[in-house]
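Visitor: Below are the sequence and a predicted model; questions follow.
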Amino acid sequence: HHEEGVDLLPSNIDLAGIELRLMSAMSRETILRQVLEPLRKQYDHILIDCSPSLSMLNLNALSAADNVIIPVQPQYLSAKGLVDLLNTITQVRNKINPRLKTEGIVLTMVDNRTNLAKEIGSLVRNTYGKHINIFSTEIPMSVRAAEASAAGVSIHSYDPKGKVAEAYRNLTKEVLSRERQRQKAKSACI
């Protein structure tokens, strides 16, 4: 249990070996879902942070998730990899987890001083914005975020009044607002 009011289950080096063991496991895509299912009622939200790869671990995370928020750095390779990830999400939704929804794309590590960041941000919005929510909040590039990570603390503890902490607060508000709208629409249908 963390002093900021959340429970954390951090990864460690042993997780690297799990990938190999999952390859020969029965129902390998749903093991994390099976583990998390009994815990769902204990938490308002369970967040699963994944590495930027299309691994068996990430497939398990998508299988266990209700919603996905896709962070995209405004760089060419990140934007290009988005196509593969969206295809994987569609396949997971069709074959393993029909309740999986794409909550949206958030641009992260954004340095709006560069033309490349502006161009890739516009490309993502223009290419995907008609079909997928693009959060209006962007997470800015900041040395303070890297320092917080190196110190092993959250950005909210390390630099609570900084631009990255403020951006994460705004993103949280956006996500919760969308959730409230969904709940309101759901109860109006009942």
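Guide: Received it, and whenever you're ready, just let me know what you need.

Visitor: what residues does stretch 21-40 touch?
Guide: Contacts of stretch 21-40 from elsewhere in the structure, counted by C-beta atoms under 8 Å, 6 or more residues apart in numbering, are 46, 48, 56, 57, 59, 60, 61, 63, 64, 92, 96, 97. The C-beta positions use only the backbone N, C-alpha and C, and glycine is treated the same way.

Visitor: Where do the strands of the chain begin and end?
Guide: Remark: strands of the chain, listed N- to C-terminal, are 67-72, 101-107; assignment by DSSP state E.

Visitor: Any chance of TSV for the contacts of stretch 21-40, columns neighbour count and pLDDT?
Guide: Conversion of these to TSV gives the following (neighbours: other C-beta atoms under 10 Å; pLDDT from 0 to 100):
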residue	neighbour count	pLDDT
46	14	92
48	15	92
56	18	85
57	19	88
59	21	91
60	25	91
61	19	93
63	21	95
64	22	94
92	20	94
96	17	93
97	19	96
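
Visitor: which pair in those spans the largest distance?
Guide: The two members of the contacts of stretch 21-40 with the most space between them (C-beta to C-beta) are 46 and 56, at 19.3 Å.

Visitor: Highest mean neighbour count out of the strands of the chain?
Guide: Taking mean count of other C-beta atoms under 10 Å as the contact definition, the stretch among the strands of the chain with the greatest mean neighbour count is strand 101-107, which reaches a mean of 20.

Visitor: Show me what it packs onto, helices and strands only.
Guide: Counting contacts by 3 or more C-beta pairs under 8 Å, 6 or more residues apart in numbering; DSSP states H and E, strand 101-107 is packed against strand 67-72, helix 76-95, helix 115-128, helix 163-189.

Visitor: neighbouring contacts of stretch 134-151?
Guide: The contact list for stretch 134-151, computed with C-beta under 8 Å, 6+ apart, reads 69, 71, 104-112, 121, 124-125, 128, 154-155, 157-159, 162-164, 167-168, 170-171, 174-175.

Visitor: Need the strands of the chain in JSON lines (columns: distance to residue 82 and mean pLDDT).
Guide: Conversion of the strands of the chain to JSON lines gives the following (distance: least, C-beta to C-beta, whole Å; pLDDT from 0 to 100):
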{"stretch": "strand 67-72", "distance to residue 82": "6", "mean pLDDT": "96"}
{"stretch": "strand 101-107", "distance to residue 82": "7", "mean pLDDT": "96"}
